[in-house]
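Undergrad: this is a predicted model, with the sequence first.
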Amino acid sequence: MTRFLLSTLCLLLAGSSSAFVVSPHKASSIVSKQQQQPMQLHVMEPFQEMLSDVAGSALTLSDAADAVPEVGGISYSRVSYYTILGLYVMSFPGLWSQIKRSTTAKIKRKTFVSPGENAKDGKSLREQAGEIMAYMKANNYEVVESGETIKFQGLVQRSISQACFLVFCTALGMASLALVLQIQFQDLTLPLGLNWFWLVALSPYAGIYYWKAGDRVDDFELKLSANDEETENEIAVQGNDDELERMWRTLGWTEQGMLKVEGLLES
């Protein structure tokens, strides 16, 4: 289109110039006519100025079109790209770790305290042990060993929601991996007309892996003790981290060395 405009303008300029090329024998008559009609040339001058302005604008558009970068050119920093790619590669194994840890318990050992027998609204060690026993029975735990340390064992059933969560996380991870591979290997053609995003189809296997692991057996160990004044009971617990969190919140314990702050909605 730019070349078409330039050609048209050149033809117009050539036509206007040729209108003033005359033979010598007519020069005198033209001079006399110009003397008689001096305003004719002044009428053409604005038209020629307008054509020159349009020609300049067309040349400017042509230069701007030539300044556009080539398609497929590099428009990013390679250092930033490969740095982010390296971080992604190092963090991707965390997806497999998440799937694998879903079939095992995260064991922690913590010590909690509660008011003792001589404290206000406190409990004796016997009462504290009975409260713990009732809680563990309600959560399908059985006593397997009693003594100074009480051992409980319980069966944690498979969860459909946990399986769906693992499938969802795996699908996101595979989609991000497919995007990275598609950017990195743009010229690579996969067989059968496939693309990298078919990796998302592997996500259901995360749920299958979790479900085949079956129900999980959890072990709990508790040890009760009291201080010399019997104003504070100490409960040392070792077991699944999630179950520990539920237990101390339900029974109103406080982690040793921590200060319990009452919430705004607590009475």
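TA: Looks like it came in fine.

Undergrad: show me what the helix or strand hosting residue 127 is packed up against.
TA: According to DSSP states H and E, residue 127 maps onto helix 125-138. Contact partners of helix 125-138 among helices and strands, from 3 or more CB pairs under 8 Å, 6 or more residues apart in numbering; DSSP states H and E: strand 141-145, strand 149-156, strand 216-226, strand 232-240, helix 241-251. In short, each C-beta sits where N, CA and C put it, glycine included.

Undergrad: could you list the buried residues of the third one?
TA: By neighbour count, and taking 16 or more other CB atoms under 10 Å as the criterion, the buried residues in strand 216-226 are 218, 220, 222, 224, 226.

Undergrad: same thing with stretch 116-128?
TA: 116, 117, 122, 123, 125, 128.

Undergrad: in the sheet, who's paired with residue 154?
TA: Counting by DSSP bridges, residue 154 is bridged to residue 141, residue 218.

Undergrad: so it makes contact with residue 137?
TA: No. Counting by CB atoms under 8 Å, residue 154 does not reach residue 137; the two are 9.9 Å apart.

Undergrad: which one's more surrounded, the two?
TA: residue 154 (19 against 13; other CB atoms under 10 Å).

Undergrad: for residue 192, see how far away that one is.
TA: Taking CB to CB, to the nearest Å as the measure, residue 154 falls 49 Å from residue 192.

Undergrad: go on, residue 98?
TA: 31 Å.

Undergrad: who's more crowded, the two?
TA: residue 98 (15 against 5).

Undergrad: so who does the more buried one touch?
TA: 166, 169 (CB atoms under 8 Å, 6 or more residues apart in numbering).

Undergrad: show the pLDDT at it.
TA: Note for residue 98: predicted pLDDT of 85.

Undergrad: got it, and residue 116?
TA: Model confidence at residue 116 (pLDDT) stands at 88.

Undergrad: i'd like the first residue to be 6 from this point on
TA: Okay, using 6 as the starting number, the last item reads as residue 121.

Undergrad: isn't it up against residue 236?
TA: Yes. Judged on CB under 8 Å, residue 121 makes contact with residue 236 at a distance of 4.6 Å.

Undergrad: circling back: which outside residues touch the helix holding residue 132?
TA: 119, 122, 128, 147-148, 155, 157, 159, 225, 227, 229-231, 238, 240, 252, 255-256.

Undergrad: pLDDT on that helix, on average?
TA: Computed over helix 130-143, the average pLDDT equals 89.

Undergrad: send the alpha carbons of that helix over as CSV?
TA: C-alpha atoms of helix 130-143 as CSV (Å, rounded to 0.1, in the frame of the first residue of the first chain):
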residue,chain,number,x,y,z
LEU,A,130,-3.1,-37.2,86.5
ARG,A,131,-5.8,-39.9,86.8
GLU,A,132,-8.5,-37.5,85.5
GLN,A,133,-6.1,-36.3,82.8
ALA,A,134,-5.4,-39.9,81.6
GLY,A,135,-9.2,-40.7,81.6
GLU,A,136,-9.8,-37.6,79.4
ILE,A,137,-7.1,-38.6,77.0
MET,A,138,-8.4,-42.2,76.9
ALA,A,139,-11.9,-41.0,76.0
TYR,A,140,-10.6,-38.8,73.2
MET,A,141,-8.5,-41.5,71.7
LYS,A,142,-11.4,-44.0,71.8
ALA,A,143,-13.7,-41.5,70.1
